[in-house]
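Engineer: Sequence and computational prediction follow.
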Amino acid sequence: MILVTGARGTVGRRVVRALLDAGVPAGEVRASGRDPAALDVPDGVARVAVDLADPATLRAVLDGVDQVFLYALGDTATVAETAVAAGVEHVVLLSSASTLDDDPEDLIGAMHRRAEDPLRAADLDATLLRPGAFAANTLDWAGGVRAGRVELPYPDSHVTPIHEDDIADVAVAALTGGDVRGSAPSLSGPASLSFRDQVAVIAAETGREVEVAAQSPEAFRVQLGPYAPPAVADSLLHLWAASDGVPQPVDDVEPLTGKPGRTFAQWVHEHRDAFV
């Protein structure tokens, strides 16, 4: 039995479907979320209530579960203890490539390291997936694309945007006995692209002319303010400043999945409607 937490999430919902595509019977998959009724999952997949901020809700649904796909939320130490007590043998954690940076100013990396450490120490197998920037992050630019102008703090900062289906495929490889089980792979898309490059791909797909303009750090902090604390904005700005004009290493998923990583252009084509 496999429990997928965050089954409404960008990656979690893909993991559920990819497990079934890989031949795992629907009856051996449980999909969880705070509101199970809101989960859109295939027939035969059980829907259960889990709030990772309240490990007691996890304890109630782990009976018979062998493996868990886990988001880096809540008290991971208590989650790990709960999983071990329930007999869980393997946890796949959706972590972040930011864990590889020991920079004290990178609070995002520190948060994910705190999520990883209890699982490393627990009496179970832990697979720690460390993707870089999600391709879906560019959905935040949709309004600007439609308006013909996207403002970014560091337009020439490089990332390696990864298609969320590729992250799900690696998770499923780990959950179905692949060699990636028990490892901590860095995951990326197949190319390093600047934010300006990504806007150009979106503009080409939509047939729009889109200006890219520099945004001040102060304006970015104000923009992000309603959605995240100031420390997160500062961590992002620090990261982007460090990669401004600097192509980033590529850690393609093909050695882990047996398939070439999906390109950012493919992701944009699949999500074209979001930008038009």
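Structural biologist: Thanks, I have it.

Engineer: use CA for all of it now, contacts and neighbours both
Structural biologist: Will do.

Engineer: what's the longest helix anywhere in the chain packed up against?
Structural biologist: Under DSSP state H, the helix in the chain containing the largest number of residues is helix 107-121. For helix 107-121, the elements it packs on are helix 76-86, strand 125-131, helix 230-242, judged by 3 or more Cα pairs under 8 Å, 6 or more residues apart in numbering; DSSP states H and E.

Engineer: Output those as JSON lines; include the columns mean pLDDT and distance to residue 100.
Structural biologist: Shown next, in JSON lines, are those (pLDDT from 0 to 100; distance: least, Cα to Cα, whole Å):
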{"stretch": "helix 76-86", "mean pLDDT": "93", "distance to residue 100": "19"}
{"stretch": "strand 125-131", "mean pLDDT": "97", "distance to residue 100": "9"}
{"stretch": "helix 230-242", "mean pLDDT": "90", "distance to residue 100": "12"}
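
Engineer: Point out the most buried one among the ones you listed.
Structural biologist: strand 125-131 (a mean of 23; mean count of other Cα atoms under 10 Å).

Engineer: what's in contact with that strand?
Structural biologist: Contacts of strand 125-131 from elsewhere in the structure, counted by Cα atoms under 8 Å, 6 or more residues apart in numbering, are 89-99, 116, 119-120, 162, 167, 171, 174, 180-188.

Engineer: Looking at those residues, which are in helices?
Structural biologist: In helices, judged by DSSP H, the following of the contacts of strand 125-131 are found: 116, 119-120, 167, 171, 174.

Engineer: just the buried members of those?
Structural biologist: Among the ones in helices among the contacts of strand 125-131, those buried by neighbour count (16 or more other Cα atoms under 10 Å) are 116, 119, 167, 171, 174.

Engineer: Which one of those is nearest to residue 267?
Structural biologist: Checking those against residue 267 by Cα to Cα gives residue 167 as the nearest, at 13.1 Å.

Engineer: Test my guess that the closest one contacts residue 11.
Structural biologist: Yes. Contact between residue 167 and residue 11 holds when scored by Cα atoms under 8 Å: they sit 7.1 Å apart.

Engineer: which ones are touching residue 175?
Structural biologist: Residues in contact with residue 175, defined by Cα under 8 Å, 6+ apart, are 67, 92, 181.

Engineer: Tell me the buried residues in the longest helix of the chain?
Structural biologist: Across helix 107-121, burial judged by 16+ other Cα under 10 Å covers 107-113, 115-116, 118-119.

Engineer: Count the residues that sit near residue 222.
Structural biologist: Using other Cα atoms under 10 Å, residue 222 is surrounded by 12 other residues.

Engineer: packing partners for the helix or strand where it lies?
Structural biologist: In this structure, residue 222 is located in helix 217-224 according to DSSP states H and E. The helices and strands touching helix 217-224, judged by 3+ Cα pairs under 8 Å, 6+ apart, are helix 230-242.

Engineer: and with 10 Å instead?
Structural biologist: With contacts defined as 3 or more Cα pairs under 10 Å, 6 or more residues apart in numbering; DSSP states H and E, the packing partners of helix 217-224 are strand 149-152, helix 230-242.

Engineer: starting at the chain centroid, how far to stretch 81-89?
Structural biologist: The offset between the C-alpha centroid of stretch 81-89 and the centroid of the whole chain comes to 24 Å, using Cα atoms, centre = their mean, to the nearest Å.

Engineer: and that stretch, C-alpha only, in CSV?
Structural biologist: Below are the C-alpha coordinates for stretch 81-89, written out as CSV (Å, rounded to 0.1, in the frame of the first residue of the first chain):
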residue,chain,number,x,y,z
GLU,A,81,8.4,8.6,14.3
THR,A,82,4.7,7.9,13.4
ALA,A,83,5.7,6.2,10.1
VAL,A,84,8.2,3.9,11.8
ALA,A,85,5.7,3.0,14.5
ALA,A,86,3.2,2.1,11.9
GLY,A,87,5.6,-0.2,10.0
VAL,A,88,6.2,2.1,7.0
GLU,A,89,9.3,0.8,5.2
